[in-house]
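*Asks:* next input, structure requested:
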Amino acid sequence: MGNEDICDISRHISALIQNESASAVLMIASDSAFSTALGEALHALAPQVDFLTLQGTSLGAAEPQLQPPYDVVILAGVVAQLPPTKANALIDDLLPVARKQVLLIEPSGGAAQPLQFIGYDFSYIACNENYLLFSFFHKKIVERLAIDTPKEIPALRRRLRLAYVIPHLNLTGGMKAILTQIYAMARAGHSVAVYYRGAADRRVLPFWSGADTDGLLTLVSVPIGESYRAHIKDADIILLGWVGQVPEFMHSTTPVALWEQGSEPLFGDYYGNLIPSGAAMRTNLRRSYASKIHMLAVSDLMQKILKERFGRESPLFPNIIDTELYHPGEDAQNDPPVILLVGYPQLPFKGFSWAIDVLKRLSETKAAFRVCWASPSDFALPQQLPFALEKQIGLPQQALAALYRRSDILFSSSRYESFSLPPLEAMASGTAVVMTDNGGCRMYAEDGKNCALIPQGDTDAAVSALRGLLGSKAERLRMGGNGRATALRFCESEIVRILEDALYSIVG
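*Replies:* Numbering: from 1, shown residues only. Next up, the predicted model:
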């Protein structure tokens, strides 16, 4: 642990202990180095600070020494050395000892990653890119809500009146998925109205969508200051796309469903904040997911999170891939091959800083490649890159689809995802995919068949996978063909009936 790491970790721990008003702190470490490095800062913050060096892989003989309650228990450099089940069991053992929270300090490239803890109420931050800090809170016991009991799907599938409330007009994967679903449900014969409040020009659909409604949709611009509920009439169900919309609809007399596509806090990501136990963001999140609003889950991972964290049952409501827009093209004949990155570099969970490190390592192997990075907004490139990198900013969707076809490999580096659209879009385009195991991709990713699936933080495995594909056009074509077959399982004609069944299970 370097001095810069110590300073950064100490700063975050100091803020957290002060926010928790902690008077008693226990630090358990894998060796005395952590205690020595952080001991001075801890003693300056709390009247009582105890230290314990863990021997082996469990509390064992040390357990009788843990006399609750401490306000905060810090576990440093231990969890990454344990199998996930033992690591989680250790956290479970320590939570009763802590009044406020258990704090983990682990190397960022180690085994301890956010996906390991999705069943917990937690937050995490990256510290100086070398360490991850996790804060774990006491679980709330929740009872199943009656509205989560599904209704019988009718034999006669009636035409539904759907009211979609758009959360924003920004170009994001979530918004692309919402718009694709809206058009698919309208083409399936349902009555679809779309509502948006806030655009100065009273726009309802984003300019980047490039979609011609052809009279399929009813578009309603709600004036600023007016409620959506006052404008939504005669709908069978109201569909929301973001948890922040839930409070306005908690008392709706019309059934309301949140399509949960993976809000960052569900993965412990409170937008760069290591939150205290009493944080308003955490309280509001629990209140929203405990409300009598139906839940729809974009993936089986989201179903698991909603069930384990909030006791909610949620029908599967997967993404649709436009396999006509995203389709294979002629061989791009790139020399050298092109590795494609897609997404906002400003979003830490996308893992682009790690991706750049991987590509630097790849260049050291003398592999020949170029990089293209497609982002909705402009960004500053890292200086002195040892490989050629081209930016593509704010591409229309047709141009993005063409870029997939012109690329040889998509490299996706996310720390977590609820579903992850770009890899499946690349598969639909016949492009080979190297991706981190981000959780949500397990809906479709098959390592060695339609992608190379890399463990989180495993730089060597990522370099090896990319190098192998760069050196074998035949392997890229084989993987791309399998990817196309995978994407066809998520085309409109395959998914719409699943979506309809989920909605009928709510409205009958």
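*Asks:* okay, CA-based contacts and neighbour counts for the rest of this
*Replies:* Noted.
*Asks:* identify the residue nearest residue 344 in space, chain neighbours excluded?
*Replies:* residue 375 (5.4 Å; Cα to Cα, 6 or more residues apart in numbering).
*Asks:* isn't that neighbour up against residue 392?
*Replies:* Yes - judged on Cα atoms under 8 Å, residue 375 makes contact with residue 392 at a distance of 6.4 Å.
*Asks:* who's more crowded, these two?
*Replies:* residue 375 (20 against 17; other Cα atoms under 10 Å).
*Asks:* wait, what's in contact with the more buried one?
*Replies:* 342-345, 391-395 (Cα atoms under 8 Å, 6 or more residues apart in numbering).
*Asks:* all helices for this protein, in order.
*Replies:* Assigned helices in the chain, in chain order: 3-19, 32-43, 84-94, 173-187, 280-289, 300-310, 352-364, 397-406, 421-428, 459-470, 473-488, 492-507 (criterion: DSSP state H).
*Asks:* reformat the contacts of residue 375 as a markdown table; add pLDDT.
*Replies:* As requested, the contacts of residue 375 are arranged in a markdown table below (pLDDT from 0 to 100):
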| residue | pLDDT |
| --- | --- |
| 342 | 97 |
| 343 | 94 |
| 344 | 91 |
| 345 | 90 |
| 391 | 95 |
| 392 | 96 |
| 393 | 95 |
| 394 | 91 |
| 395 | 92 |
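*Asks:* in those, find the pair that's most separated.
*Replies:* 345 and 395 (15.4 Å; Cα to Cα).
*Asks:* got any ranges where the stretch 151-300 of the chain has weak pLDDT?
*Replies:* 211-213 (pLDDT under 70).
*Asks:* again, only using 90
*Replies:* Counting by pLDDT under 90, the stretch 151-300 of the chain contains low-confidence ranges at 151-158, 171, 198-203, 206-216, 233, 263, 271-273.
*Asks:* need the winner for burial among the helices of the chain.
*Replies:* Neighbour counts (mean count of other Cα atoms under 10 Å) averaged over each of the helices of the chain peak at helix 421-428, with a mean of 26.
*Asks:* that helix - what's its average pLDDT?
*Replies:* For helix 421-428, mean pLDDT rounds to 97.
*Asks:* which elements pack onto it?
*Replies:* helix 397-406, strand 409-412, strand 432-436, helix 473-488 (3 or more Cα pairs under 8 Å, 6 or more residues apart in numbering; DSSP states H and E).
*Asks:* tabulate these (a markdown table), appending distance to residue 202 and mean pLDDT.
*Replies:* A markdown table is the format used below for the helices and strands packed on helix 421-428 (distance: least, Cα to Cα, whole Å; pLDDT from 0 to 100):
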| stretch | distance to residue 202 | mean pLDDT |
| --- | --- | --- |
| helix 397-406 | 23 | 95 |
| strand 409-412 | 36 | 98 |
| strand 432-436 | 39 | 98 |
| helix 473-488 | 35 | 97 |
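*Asks:* excluding its backbone neighbours, what's nearest residue 191?
*Replies:* residue 161 (4.7 Å).
*Asks:* bridging residues for residue 339?
*Replies:* Under DSSP bridges, the beta-bridge partners of residue 339 are residue 371, residue 409.
*Asks:* okay, it: pLDDT?
*Replies:* pLDDT for residue 339: 98.
*Asks:* quick revisit: tell me which of the helices and strands packed on helix 421-428 sits nearest to residue 112.
*Replies:* strand 432-436 (14.6 Å).
*Asks:* how about the CA coordinates for the closest one, as PDB?
*Replies:* Provided in PDB are the C-alpha atoms of strand 432-436 (Å, rounded to 0.1, in the frame of the first residue of the first chain):
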ATOM      1  CA  ALA A 432     -16.500 -10.900 -32.200                       C
ATOM      2  CA  VAL A 433     -16.800  -9.900 -28.500                       C
ATOM      3  CA  VAL A 434     -14.400  -9.900 -25.600                       C
ATOM      4  CA  MET A 435     -16.200  -8.800 -22.400                       C
ATOM      5  CA  THR A 436     -15.900  -8.900 -18.600                       C
END
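*Asks:* buried residues in stretch 141-152?
*Replies:* Buried residues in stretch 141-152, counted by 16 or more other Cα atoms under 10 Å: 148, 150.
*Asks:* check what contacts that stretch and list those residues.
*Replies:* Applying Cα under 8 Å, 6+ apart, the contact partners of stretch 141-152 are 292-294, 310-314, 504-508.
*Asks:* redo that, cut-off 10 Å
*Replies:* 255, 290-295, 307-315, 501-508 (Cα atoms under 10 Å, 6 or more residues apart in numbering).
*Asks:* what's the end-to-end length of that stretch?
*Replies:* 28 Å (Cα to Cα, to the nearest Å).
*Asks:* quick check: residue 131 vs residue 45, distance?
*Replies:* Applying Cα to Cα, the value for residue 131 to residue 45 is 22 Å.
*Asks:* residue 448 too?
*Replies:* Taken as Cα to Cα, the span from residue 448 to residue 45 is 51 Å.
*Asks:* who's more crowded, these two?
*Replies:* Using other Cα under 10 Å as the criterion, residue 448 and residue 45 rank with residue 45 on top: 19 against 13.
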